[in-house]
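Undergrad: Structure for the following, please:
(chains A and B)
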Amino acid sequence: METIFGVPVVALYGQLVLGLINGSFYALLSLGLAVIFGLLRVINFAHGAQFMLGAFTAWLLLNHLGVGYWFALILTPLIVGLLGAVIERTMLRRLYAADPLYGLLFTFGLALVLEGIFRWYFGAAGKPYTPPSDLQGAANLGFMRLPKYRIWVIVASLIMCLSVWALIEKTRLGATLRAATENPTLVQAFGVNVPLLLTFTYALGVGLAAFAGVLAAPIQQVSPLMGSQIIIIVFAVVVVGGMGSIMGAIVTGYMLGLAEALTKVYYAEASNIVIFVIMAVVLLVKPAGLFGKDA
Amino acid sequence: MNRMLAASLAALVMGAGPALAQISDGVVKIGILNDQSGVYADFGGRWSYEAALMAVEDFGGEVAGAKIEVVTADHQNKPDVASNIARQWYDVDKVDSIMELTSSSVGLAVQGLSRDLKKITINTGAATTELTGAQCSPYGFHWAYDTHALAVGTGGALVEQGGDKWFFITADYAFGYSLEENTSNFVKEKGGQVVGSVRHPLATTDFSSFLLQAQASGANVVGFANAGLDTANAIKQAAEFGIVEGGQKIAALLFTLAEVHGLGLEAAQGTTLTESFYWKRDEESEKFGRRYFERTGRMPSMNHTGVYSAVTQYLKAIQQAGTDDGDAVSKALHEMPVNDVFAREGRVAANGRMITDVYLMQVKTPAESTEPWDYYNVLATIPGDQAFMDPARSGCPLVQ
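TA: Residues are numbered from 1 along each chain as shown, chains lettered A, B, ... in the order given. This next block holds a predicted model:
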């Protein structure tokens, strides 16, 4: 059998595909963070909790209202995004003028409260969520058996990431958004409702987290802890990609997913720190991140 | 001067009441120290605290004329946090005994600290046999189960079904190592072999890459030497990647009712597991289970019922000894048989291990289950002497 550094090539392919799946989540989540940070200058520590909220909303929709996966995939980001808008309007907005640290502290507190509430009501062990019937079973790729649902995760994440990137970089709305970050006063003078834009941006970022949450629900247990487990990695992804860089967040998300997968093949014990090692190295060599413009 | 006289007089009068004088500070305080926010929060958590409260209420709220209090705290699965809380409890809050102590690293740390202070610990939540092995303590007791019992129960059942080539997916800390080692030894003793193993950090959400390695290993049994939410995620993902369909069997070495409930019967059905308690075991256990359910909305696992049993037995020991002094209570605990809803004819060995029957279970299919929490078929009862390690071989210096 052909091998690379003692690992059979087929096994390596398998792990890389898995890395791509993890990378899909990193990309989606870090994209949301990058959107919020890039345009609002808020470090959204509640992103993990909002990811968890997405998964739970899908679970609640299914178990209490009978809403299936596909509708939940559309509805959930809207519901959680709306909640994000309410949070932004009533609370977060007041902190824009203050030091960015306050935004971080506020969202961190919010995350703890949300997690605490869900843990109290649902327990830590989590709830099961079965994949939709059209995506059950597995496809044989020759070198591995890949659950169909995971193929869908890669596809959905790619489509979503590219759409958001196009929305912000290629459309008029995106251009206005970016302009509003650069110089809110001037943009407001042109008759644009800047506060509304900011609300929309936060809701978009939160909605992305919720979307990722729904995608993750059938893979993991829907658990109050699922957000805090992934959020730290996602922050590392954002730092490596360059704070606020949209494309940087996406590309780095997939790249670090792959790096993690490779580590699992060669030295599994290090798999949970490899991302942070990469982060440290990048910060030393290129403090602005791989795709960042300013330090 | 007058005040001092009054105080001495009062002390004299108090001293006349023989029972009260023997209980330090007039209160028996029991601490339930466990994970209340992490992957083991359902395995024990506040549900264990409830079980302790129930035990105290059933005991009448008083022992040897002194009031009984229960306190609880979250150790976050961190030995340093747990040691700090334990020290604070002993030194400042005058806690007399600490119980539950889920997570082996925590259990070992707190048992070591309590030994120096001559305080009783009764561990129901941690699994490692080290607690009653090389690191055993005259004041430390291990109650509900341990890695040896899990290896004999679940490991034994799978070896008997022809599972002779094992691959382990192991939690990367004291508990995982102990469980893997115990099971490996057992498998090898029975003529099987271990073809590989991989270690994952505590609280892993994605097991797919480990499962892929297990698939490629050529093993016929994939052993999950982990617990709580980790095992639940691993089982769920094993089904997706077609581990069982591919002809490999899954051994969830530590899996309890709480996690089966979380995972759902659809995904958990057919899993073989070992517990030392099942609420539908008999009439008495069912009565207890339903009482517990009324308070908590869930049925107790071996850990929760273990806490109930441990608290009850500790109080009985104080009653017998007439004091809460560590040496006297330890002596009583070692001598008294354990007979309650959890253990029948249980006994405590010299190394602190409580020896009682454990049960091999299989998770029911959704069709077999007739009501919520009706999850197990009991496949076999494993007598305590077989389930737990012979104390003489445990490596505990206290065993002559």
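
Undergrad: helices and strands around the strand or helix carrying residue B:157, which ones?
TA: With elements taken from DSSP states H and E, the one containing residue B:157 is helix B:156-160. Packing partners of helix B:156-160 (3 or more Cβ pairs under 8 Å, 6 or more residues apart in numbering or on different chains; DSSP states H and E): helix B:174-189, strand B:376-382. Quick note: C-beta positions are derived from backbone N, CA and C, even for glycine.

Undergrad: can you give me how far the helix or strand just after the longest one is from the chain middle?
TA: In the C-terminal direction, the helix or strand that comes right after helix B:174-189 (DSSP H and E) is strand B:193-200. Averaged C-alpha coordinates place strand B:193-200 at 25 Å from its chain's average position (Cα atoms, centre = their mean, to the nearest Å).

Undergrad: Just after strand B:193-200, pick out the following helix or strand.
TA: Sequence order places helix B:208-216 as the next helix or strand after strand B:193-200, per DSSP H and E.

Undergrad: Tell me the helices and strands packed up against that following helix.
TA: Against helix B:208-216 (3+ Cβ pairs under 8 Å, 6+ apart) you get helix A:9-40, helix A:246-266, strand B:165-171, strand B:193-200, helix B:228-240.

Undergrad: What are the contacting residues of it?
TA: Identification of contacts with helix B:208-216 by Cβ atoms under 8 Å, 6 or more residues apart in numbering or on different chains yields A:8, A:11, A:14-15, A:18-19, A:21, A:144-145, A:150, A:261, A:264-265, A:268, A:271, B:167, B:169, B:196, B:198, B:200, B:222, B:234, B:237-238, B:241, B:243, B:246, B:248.

Undergrad: ok now do residue 70, which residues does it touch?
TA: This is for chain A. residue A:132.

Undergrad: oops, I was thinking of chain B
TA: B:29-32, B:49, B:52-53, B:56, B:311.

Undergrad: I'd say residue A:52 and residue A:214 touch.
TA: No. Using Cβ atoms under 8 Å, residue A:52 makes no contact with residue A:214, being 11.2 Å away.

Undergrad: Beyond the longest helix seen in chain B, next helix or strand please.
TA: Using DSSP state H, we find that the single longest helix of chain B is helix B:302-321. For helix B:302-321, the following helix or strand on the C-terminal side (DSSP H and E) is helix B:326-335.

Undergrad: Parallel or antiparallel, which strands does whichever helix or strand comes after that next one pair with?
TA: For helix B:326-335, the succeeding helix or strand toward the C-terminus, using DSSP H and E, is strand B:347-348. If you go by DSSP bridges, strand B:347-348 pairs up with strand B:354-355 (antiparallel).

Undergrad: and the residue in the stretch 151-295 of chain A that chain B sits nearest to, what does it touch?
TA: Relative to chain B, the nearest point of the stretch 151-295 of chain A is residue A:264 (4.3 Å; Cβ to the nearest Cβ). Residue A:264 makes contacts with A:15, A:18-19, A:271, B:209-210, as judged by Cβ under 8 Å, 6+ apart.

Undergrad: which among those residues gets closest to residue B:348?
TA: Distance ranking of the contacts of residue A:264 against residue B:348, using Cβ to Cβ, places residue B:210 first at 38.0 Å.

Undergrad: do you know how far residue A:262 is from residue A:10?
TA: As defined by Cβ to Cβ, to the nearest Å, residue A:262 lies at a distance of 15 Å from residue A:10.

Undergrad: quick one, phi/psi of the nearest residue to residue B:229 once chain neighbours are set aside?
TA: Distances taken as Cβ to Cβ, 6 or more residues apart in numbering or on different chains place residue B:39 nearest to residue B:229, at 4.1 Å, with adjacent residues excluded. Reported as degrees, to the nearest 10, the phi and psi values for residue B:39 are phi -70, psi -20.

Undergrad: Pretty sure residue B:39 sits against residue B:204.
TA: No. Using Cβ under 8 Å as the test, residue B:39 is too far from residue B:204 to be in contact (9.3 Å).

Undergrad: Mutual contacts of those two, please.
TA: Shared contacts of residue B:39 and residue B:204 (Cβ under 8 Å, 6+ apart): residue B:230.

Undergrad: got the helices and strands packed on helix B:156-160 as JSON lines, with mean neighbour count columns?
TA: Shown next, in JSON lines, are the helices and strands packed on helix B:156-160 (neighbours: other Cβ atoms under 10 Å in any protein chain shown):
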{"stretch": "helix B:174-189", "mean neighbour count": "22"}
{"stretch": "strand B:376-382", "mean neighbour count": "16"}
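
Undergrad: Quick one, which of those gets closest to chain A.
TA: Of all the helices and strands packed on helix B:156-160, helix B:174-189 comes closest under Cβ to the nearest Cβ, at 11.8 Å.

Undergrad: what about residue B:275, distance to chain A?
TA: 15 Å (Cβ to the nearest Cβ, to the nearest Å).

Undergrad: Skip the chain neighbours and tell me the closest residue to that residue.
TA: Spatially, and ignoring its direct neighbours in sequence, residue B:275 is nearest to residue B:302 (4.4 Å; Cβ to Cβ, 6+ apart).

Undergrad: Any idea how many residues pack against the one you found?
TA: 25 (other Cβ atoms under 10 Å in any protein chain shown).

Undergrad: thought it was touching residue B:256?
TA: Yes. Taking Cβ under 8 Å as the definition, residue B:302 is a contact partner of residue B:256 at 6.2 Å.

Undergrad: anything in contact with each of the two?
TA: residue B:275.

Undergrad: What helix or strand is the residue in the stretch 251-400 of chain B that chain A sits nearest to located in?
TA: Residue nearest to chain A within the stretch 251-400 of chain B: residue B:262 (3.1 Å; Cβ to the nearest Cβ). Per DSSP H and E, residue B:262 falls inside helix B:257-263.

Undergrad: on that earlier part again, who touches the residue of the stretch 251-400 of chain B closest to chain A in this structure?
TA: Counting by Cβ under 8 Å, 6+ apart, residue B:262 has contacts A:123, A:125-128, A:221, B:42, B:229, B:232.
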